[in-house]
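Peer 1: Pasting the sequence and the predicted coordinates here, then a few questions.
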Amino acid sequence: MTQLDERPAVAATDPATDPATDTATDPAGAWLAAFEDALAARDVDRAAGLFAATSFWRDLIAFTWNITTVEDPDGVAALLADTLDQVDPRGFHLTEPATTEDGVTTAWFAFETAVGRGRGLARLVEEDGPKAWTFLTTLHELKGHEEPRGTRRPMGAEHGATKERVTWAERRAAEDEALGVTAQPYVLVVGGGQGGIALGARLRQLGVPALVIDKHPRPGDQWRNRYKSLCLHDPVWYDHLPYLKFPDNWPVFAPKDKVGDWLEFYTRVMEVPYWSSTIATGASYDEATGRWSVQVEREGLPLVLEPTHLVMATGMSGKPNVPDLPGQDVFRGEQHHSSQHPGPDAYAGKRVVVIGSNNSAFDICGALWETGADVTMVQRSSTHIVKSDTLMDIGLGDLYSERALAAGVTTEKADLIFASLPYRIMHEFQIPLYDRMRERDQEFYDRLEAAGFDLDWGDDGSGLFLKYLRRGSGYYIDVGAAELVADGEVKLAKGQVDRLTEDAVVLADGSVLPADLVVYATGYGSMNGWAADLISQEVADKVGKVWGLGSDTTKDPGPWEGEQRNMWKPTQQENLWFHGGNLHQSRHYSLYLALQLKARHAGIPTPVRGLQEVHHLA
């Protein structure tokens, strides 16, 4: 949910496919040549000198086998000093003509390392000659372990006459029967939502023996079982899964059951090894063997799996935060967390108190109002709200939309543009966008505030996406329910909950809210809470908090970390990984996690630079 404000124009080509376009007279090509020459000479200082005084290099596993950002020439020098001999980078070349706008030259490039091939995006500025301001390097594939795509796609049919022929269906059945019995997965993915499925598809294509397990009876039930008004708040162009995009007649905002059906279909056609109705009940790591022992129950039957790597793909919004309040044991009505909310049908005419004022709270309040419930929302702290159509136009339109596609910005290209902007300065580009959104919808915000609703735009005015990255909460993409609060159709109460009585919620100021149902739309905890449940609190603390940037803003304590804590990269617990996020992140970062796992499976050395430090336990 970001774009560059007044960013350089993007040429209508795809960096994955276009041929080299360097020329000796192209300043961007000359910069890449100078950079490669310095690297070849192992002249770290000269290479670092090609970066601006204020500059950022973001590396997605190509140089560091990590997801990391370094800053300024000193940071570049330190990164290269640690990695250059091992990586042996070369072959830097433009993949399309560079473009210059407002003094910034944008250059798409490709390169090779000792073990793989990469893609990147550089933005150059004039500072005693062209210097890199932002520099993105990503590993795209491993040499000798390329995915079977395009010209490398499998034949499929076996032509000719063969005795005792084994069909595709028979091979798949034999593989499924052996998995977990005579063949152990190299990677066990716990959690079969969009994150686990996307990673499972990547690992399948890379030939890594993997298994995805999930507690639900069918893939997609994670969506089907939520409240019935749930739909995607992000548009279709932003939400594709790897390899298989949504068809071009897919709705812009897919309803939850349609998303669930797509995930089930995707799992089947992408041949993701997937066990439904399977619960992981315990896990331990044997440092001597380098393997996990994971106890699971599959359709009620216990068994033990012994993967080398364990991936927690339980979702960054997966472990419910349920407040512990006095009186919950005496309340005579029904109470549940928003993740367990069945929908509004049983509550027509009932008095419902929804505690919370973010995405789920608004969705649930809107659906309950539609069925005739008497609904009160309890706002405990301020909320950032942005209208969906405004966000699509101003916030996403240049990268993920029909407009973007018409300009040649494919999903793959948009993802790299998206990834190329360092988190350290992202807020500087977001603030003007959200200023425009606020100006466009000022009348809407005035009505909300007149109704008593507390609005915010993030600690620094940078809006929704930075709130998502920093804390994963505190916002609502309005698809209509905010109008109900502005109009008073959904009642608004404000303050902290003090206690429950037999038939009401009592706030700290003494306000009494009669209730037949209490919905705790109170968010979710850090993903390392799942590690505590499955493995141990000791391992959870060893890994530390998952998610957040260390921005020292609300619910994202410092120090600055520069990347999402513990996501898609090695952690302090050997062979334990975390994968998740929204559909965009599940698609994009599953590639880098899959390549890290494939490299280890193939025996390729993966020296990690800058292993995640632990500053916060939860």
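Peer 2: Arrived safely. Numbering: from 1, shown residues only.
Peer 1: now the helices for the stretch 351-500 of the chain?
Peer 2: Counting by DSSP state H, counting those that start in this stretch, the segments of the stretch 351-500 of the chain that form helices are 359-370, 388-390, 402-406, 411-420, 423-440, 442-450, 464-470, 481-486.
Peer 1: Including mean pLDDT, distance to H336 and mean neighbour count, could these go into CSV?
Peer 2: No exception for glycine: its C-beta is placed from N, CA and C like everyone else's. Putting the helices of the stretch 351-500 of the chain into CSV (pLDDT from 0 to 100; distance: least, C-beta to C-beta, whole Å; neighbours: other C-beta atoms under 10 Å) gives the following:
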stretch, mean pLDDT, distance to H336, mean neighbour count
helix 359-370, 95, 11, 24
helix 388-390, 94, 27, 17
helix 402-406, 95, 39, 14
helix 411-420, 96, 36, 20
helix 423-440, 96, 34, 17
helix 442-450, 98, 27, 14
helix 464-470, 95, 25, 24
helix 481-486, 96, 19, 23
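Peer 1: Compare those helices and give me the one nearest T134.
Peer 2: Go through those one by one with C-beta to C-beta and the one that ends up closest to T134 is helix 411-420, at 5.9 Å.
Peer 1: helices or strands next to the closest one in the packing?
Peer 2: The helices and strands touching helix 411-420, judged by 3 or more C-beta pairs under 8 Å, 6 or more residues apart in numbering; DSSP states H and E, are strand 51-60, strand 116-126, strand 130-142, helix 583-601.
Peer 1: 7 Å instead, please
Peer 2: strand 51-60, strand 116-126, strand 130-142 (3 or more C-beta pairs under 7 Å, 6 or more residues apart in numbering; DSSP states H and E).
Peer 1: CA atoms of it as PDB?
Peer 2: In PDB, the C-alpha atoms belonging to helix 411-420 read as follows (Å, rounded to 0.1, in the frame of the first residue of the first chain):
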ATOM      1  CA  THR A 411       2.500  -7.600 -10.700                       C
ATOM      2  CA  GLU A 412       6.200  -8.700 -10.600                       C
ATOM      3  CA  LYS A 413       7.400  -5.300 -11.400                       C
ATOM      4  CA  ALA A 414       5.100  -3.600  -8.900                       C
ATOM      5  CA  ASP A 415       6.400  -6.000  -6.200                       C
ATOM      6  CA  LEU A 416      10.000  -4.900  -6.900                       C
ATOM      7  CA  ILE A 417       9.100  -1.200  -6.900                       C
ATOM      8  CA  PHE A 418       7.300  -1.800  -3.700                       C
ATOM      9  CA  ALA A 419      10.300  -3.600  -2.200                       C
ATOM     10  CA  SER A 420      12.800  -1.000  -3.300                       C
END
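Peer 1: centre of the chain versus it, how much separation?
Peer 2: 13 Å (C-alpha atoms, centre = their mean, to the nearest Å).
Peer 1: can you check stretch 155-166 too?
Peer 2: In terms of C-alpha atoms, centre = their mean, the centre of stretch 155-166 is set 41 Å apart from its chain centre.
Peer 1: Could I get the average pLDDT for that stretch?
Peer 2: Looking at stretch 155-166 alone, the average pLDDT works out to 84.
Peer 1: do the same with stretch 555-564
Peer 2: Model confidence over stretch 555-564, given as mean pLDDT, is 96.
Peer 1: likewise stretch 127-144?
Peer 2: Rounded mean pLDDT across stretch 127-144 is 97.
Peer 1: Buried ones in it, by neighbour count?
Peer 2: Within stretch 127-144, the residues that count as buried by 16 or more other C-beta atoms under 10 Å are 130-142.
Peer 1: Stretch 609-618 now?
Peer 2: Buried-residue list, stretch 609-618, by 16+ other C-beta under 10 Å: 609-610, 612, 614, 616.
Peer 1: Please save the CA atoms from that stretch in CSV.
Peer 2: Taking Å, rounded to 0.1, in the frame of the first residue of the first chain, the C-alpha atoms of stretch 609-618 are listed here in CSV:
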residue,chain,number,x,y,z
ARG,A,609,24.9,-11.7,7.7
GLY,A,610,23.2,-9.8,10.4
LEU,A,611,21.1,-12.4,12.1
GLN,A,612,18.0,-10.9,13.7
GLU,A,613,18.8,-9.5,17.2
VAL,A,614,16.3,-9.8,20.0
HIS,A,615,15.2,-6.6,21.7
HIS,A,616,11.6,-7.5,22.7
LEU,A,617,10.1,-10.8,23.8
ALA,A,618,6.5,-10.2,22.8
